[in-house]
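Trainee: Model the structure of this input:
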Amino acid sequence: MTEFRNRPNDNYIHEADWQKLYILTEHWKSDLLFYKDDLKFLDHLIDKYFIWISKKENIDLVRDIELNLLQIYKQGNSLLKRVNKHLHHLAELINDPFKYDSHQFRTEHEKLEDSIADFIKSFRKNRKDVFAITEYIIDNEEFVQQLNSK
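Mentor: All right, here's what the predicted structure looks like:
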C-alpha cells in the first residue's frame, strides 16, 4: 500500500507544517479528480463495446465489471468529499493553529492518505480488469461474428 503514497518521507505528516500538508492534500484532490475522469472513460469504453456482445457469459462479465466500477466511483466521490472537508480544516488550522488537536488531526490525515492509497490500488486493479475483459470480449465476439458471416 505504501507505494501509492505521495508524501516525501515516513514522518512527513507528523513533522510538516499546515501549509505543506495543505499542498499535499491539494495533490490528493487533483489525483482523485483525474481518477474520476478516468472512471468515466472506462465506463464509456464498456458501453461502446457492450453492443458487440452476443454471449451471455460475456454480458455477465461486463455487468460484474460495471458494478465494480460503480463501487469505485462511489468510493472516489466519498474520498473527494473527505478531502474537501480536510482542506477546509487545514485552512482553518493555518489561520488558527490551536483550533484542532494537532496530533489527532495528523492521525486523521494519515488515515485519509491510507484510504486514498486503498482507492488507488482498487482503481488500478479495476482498470486492468476492464482492459482485459474488453480485449477478451472483442477477440471472442469478432471471432463469433466472423463465423456467423460465413
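Trainee: what's the helix or strand for the nearest residue to Ser115 once chain neighbours are set aside?
Mentor: The shortest distance from Ser115 to any non-neighbouring residue, by CB to CB, 6 or more residues apart in numbering, is to Leu79 (6.1 Å). Just so you know, the C-beta spots here come from the backbone N, C-alpha and C atoms, and that holds for glycine as well. With secondary structure defined by DSSP states H and E, Leu79 is part of helix 56-95.
Trainee: can you give me the mean pLDDT across that helix?
Mentor: What helix 56-95 shows for mean pLDDT is 90.
Trainee: Which strands and helices lie in contact with whichever helix or strand comes after that helix?
Mentor: Following helix 56-95 in sequence order, the next helix or strand is helix 102-149 (DSSP H and E). Applying 3 or more CB pairs under 8 Å, 6 or more residues apart in numbering; DSSP states H and E, one finds that helix 102-149 contacts helix 12-15, helix 18-50, helix 56-95.
Trainee: can you list those helices in a markdown table and add mean neighbour count and distance to Glu108?
Mentor: Output for these, formatted as a markdown table (neighbours: other CB atoms under 10 Å; distance: least, CB to CB, whole Å):
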| stretch | mean neighbour count | distance to Glu108 |
| --- | --- | --- |
| helix 12-15 | 15 | 10 |
| helix 18-50 | 15 | 11 |
| helix 56-95 | 15 | 8 |
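Trainee: Would you reformat those as a markdown table and include distance to Glu135?
Mentor: Formatted as a markdown table, those follow (distance: least, CB to CB, whole Å):
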| stretch | distance to Glu135 |
| --- | --- |
| helix 12-15 | 39 |
| helix 18-50 | 10 |
| helix 56-95 | 12 |
